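>>> I'll drop the sequence and a predicted model, then ask my questions.
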Amino acid sequence: MAEATHVRVVSLEKAGVLVTGGTSGVGLETAIQFVQAGVRRIAVIGRNEERGRQACNAISAHAPDAQVEFIAADANEGGQAARAVDQAVKRLGAIDVLVNSTVGPAVPRLFHAMPFDDIGPTVLGQMLAPLLMSHLVLPGMRERNGGVIINIASDAAKVATPGESVIGAAMAAIVMFSRTLAIEAKRQGIRVNVITPSLIEGTATYDRIFADSFSKKLFTGAAALAHLGVAQPEDLAGLIVFLASPAARRITGQAISVNGGISAA
């Protein structure tokens, strides 16, 4: 039997948590469930100051004794991402858990109908932030011999869906990045997993999808297959909190679908 490497497993009550895209949707619900689970040091990153203040108020309402910080930044931009992580470390003391919940604004488009100049920005807008943020928190996690990174992609990484050729390519990149980083970082006690939802009601992405005629038709059919119900932000948040907790200390390198039965991805 292989001897287990000594790793540092931090309880949620003692963890410093950073959530990118934490001012709305899945990111905000995740931050709320973290403080409900005992986290007392948490920071959320977002681009909008007003939404950031509202998010902090919403999170604090569930745990008035928690330290809740908002950091204004675009995590897809290297300089802003670096400054955000630096601020988070200064305010929280350390980042033990990173959740990357950023989502680009793209909606499904058939590849031949997609403007050529949109291909690059779509790929980078979907996938870059998890890579940048993970690279920035890794040195501290390696030094402390432990940490958790949880990325959010989508089932477009696993299931070939018309209209999601470019989005799927970006999501597949996040999945493979997460799985490979998990293998690279496991000796330092760092766990990396990725969540791959399909539709998530109550999010800006859901609203964009159903405001567009092509994607509405596509995903109306998908929603009909979700016999367990279309996923809600709280469904993903509950899984993320579990994966960040010591109860999941043996789980790494996994890409877990949350889709209500739309597919067995």
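Right, received. Where do you want to start?

>>> chain center to the top helix by length along the chain, what's the gap?
For the chain, the helix with the greatest residue count under DSSP state H is helix 119-144. Relative to the centre of its chain, helix 119-144 is centred 11 Å away, using CA atoms, centre = their mean, to the nearest Å.

>>> wait, isn't residue 45 in contact with residue 21?
Yes. Between residue 45 and residue 21 there is a contact under CB atoms under 8 Å: 7.1 Å. C-beta here means a position set from N, CA and C on the backbone, and glycine is covered the same way.

>>> overlap in contacts, these two.
Common contacts of residue 45 and residue 21 (CB atoms under 8 Å, 6 or more residues apart in numbering): residue 75.

>>> those two: who's more crowded?
residue 45 (30 against 22; other CB atoms under 10 Å).

>>> can you tell me the strand partners of the helix or strand hosting the more buried one and which way each runs?
For residue 45, the host element (DSSP states H and E) is strand 41-46. Paired strands of strand 41-46, with direction, are strand 16-20 (parallel), strand 67-72 (parallel) (DSSP bridges).

>>> who wins for proximity to residue 133 among those?
For these, proximity to residue 133 was assessed by CB to CB; strand 16-20 is nearest, at 5.8 Å.

>>> so what touches the closest one?
Contacts for strand 16-20 (CB under 8 Å, 6+ apart): 27, 30-31, 34, 39, 41-45, 75, 84-85, 88, 92-102, 129, 133, 137, 244.

>>> got the contact list for the closest residue in space to residue 52 that isn't next to it in sequence?
Nearest residue to residue 52, sequence neighbours excluded (CB to CB, 6 or more residues apart in numbering): residue 70, at 3.7 Å. Residue 70 makes contacts with 23, 43, 44, 45, 46, 49, 52, 53, 55, 56, as judged by CB under 8 Å, 6+ apart.

>>> beyond the longest helix of the chain, next helix or strand please.
According to DSSP H and E, the helix or strand after helix 119-144 is strand 147-152.

>>> what mean pLDDT does the next helix or strand after that next one have?
On the C-terminal side of strand 147-152, the nearest following helix or strand under DSSP H and E is helix 165-185. What helix 165-185 shows for mean pLDDT is 97.

>>> who does the helix or strand immediately after helix 165-185 in the chain pair up with?
Downstream of helix 165-185, the next assigned helix or strand under DSSP H and E is strand 190-197. Strand 190-197 pairs in its sheet with strand 147-152 (parallel), strand 255-258 (parallel), by DSSP bridges.

>>> pick the most buried one from the ones you listed.
Of all the strands paired with strand 190-197, strand 147-152 has the most neighbours on average by mean count of other CB atoms under 10 Å, namely a mean of 28.

>>> thanks a lot, catch you later.
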